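J.: can you look at this prediction? I've put the sequence above it.
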Amino acid sequence: MKKKEIKILLVDDEPDILEIVGYNLSQEGYQIVTATNGKEAVAKAKKELPHLIIMDVMMPEMDGIEACENIRKFPELENTIITFLTARSEDYSQVAGFDAGADDYIAKPIKPKILVSKVKALLRRLKDDSDASDTLRLGNIEINREEYKIIRQDEEIVLPRKEFELFYLLATKPGKVFTREEILDKVWGNEVVVGGRTIDVHIRKLREKIGDDFFKTIKGVGYKVEF
């Protein structure tokens, strides 16, 4: 996908942030749409269908967490990448953001060049998504990436977004040993700050929901996960 085809929605109640971030990204060739609060962001997202949303957390009328939750309710926006750009670095706000459906977290202040690099890294996922097959079959499991759906022996298994992306990544290359860094980059995006046990927790949850037999088949996690 060409840069001029990519639409980015910037959401912040500080005009200076919108101006600086918007200028740097527009210079890269991206289409830029802006909003100044969460309520406006939800309306703009539904109307514009952006590929990426960069959103502050603390805003008037509706904060970023609630806005993110509302945006994720629209089926046409379920694959839109959402990252928070905020000065708040407390663990609880990051956890709340991820639970609301965010894909990443960028802390203010951030240098323009680093921000542009971060955005490019996030947008690489769009290429990965477009290149991937819609449906993947592995044993008695069918994985529909477009609909974020997993079917095992006529039973649908519902997974949160990150668990699904991790599951899909491992299923696409059975036998490949993924490093922790590869998984973080492909599922969470590079530079994202997550706890050291994040992958382990997601793997444990997947084993509980999918079953150990699947993981014994793929053998695709190479960072000391015991089977």
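T.: Perfect, thanks for sending it. Keep in mind the model is a prediction, meaning the values are calculated, not measured. Residues are numbered from 1 along each chain as shown.
J.: hey, where'd the helices end up in the chain?
T.: 15-27, 38-48, 64-71, 91-99, 112-131, 161-172, 180-183, 198-210, 212-218 (DSSP state H).
J.: now the fifth one: buried residues?
T.: This points to helix 112-131. The neighbour-count check on helix 112-131 (16 or more other C-beta atoms under 10 Å) flags 115-116, 118-119, 122-123, 125-126 as buried. (Glycine included, C-beta is placed from N, CA and C.)
J.: and that helix, what does it pack onto?
T.: Applying 3 or more C-beta pairs under 8 Å, 6 or more residues apart in numbering; DSSP states H and E, one finds that helix 112-131 contacts helix 15-27, strand 52-55, strand 81-86, strand 104-107.
J.: kindly recompute the last result at 7 Å.
T.: For helix 112-131, the elements it packs on are helix 15-27, strand 52-55, strand 81-86, judged by 3 or more C-beta pairs under 7 Å, 6 or more residues apart in numbering; DSSP states H and E.
J.: nearest to residue 6, of the buried residues of helix 112-131?
T.: Taking C-beta to C-beta as the measure, residue 6 lies nearest residue 123 of these, at 6.3 Å.
J.: hmm, back to that, now, among the buried residues of helix 112-131, which is nearest to residue 68?
T.: Distances from residue 68 to the buried residues of helix 112-131, taken by C-beta to C-beta, are shortest for residue 122, at 14.9 Å.
J.: isn't that closest one right next to residue 51, touching?
T.: No. Residue 122 lies out of contact with residue 51 (C-beta atoms under 7 Å); the separation is 9.4 Å.
J.: which neighbours do those two share?
T.: residue 81 (C-beta atoms under 7 Å, 6 or more residues apart in numbering).
J.: just say which of the helices and strands packed on helix 112-131 is most tucked in.
T.: Greatest average neighbour count among the helices and strands packed on helix 112-131 goes to strand 52-55 (a mean of 26), per mean count of other C-beta atoms under 10 Å.
J.: contacting residues for the residue lying closest to residue 21 once chain neighbours are set aside?
T.: Leaving aside its chain neighbours, residue 21 sits nearest to residue 10 (5.7 Å; criterion: C-beta to C-beta, 6 or more residues apart in numbering). Neighbour list for residue 10: 18, 21-22, 32, 34, 54 [criterion: C-beta under 7 Å, 6+ apart].
J.: with residue 20 instead?
T.: With C-beta under 7 Å, 6+ apart, residue 20 has these contacts: residue 112.
J.: tell me the pLDDT at it?
T.: Here, the pLDDT recorded for residue 20 equals 92.
J.: so how far is residue 160 from it?
T.: Distance, residue 20 to residue 160, using C-beta to C-beta, to the nearest Å: 33 Å.
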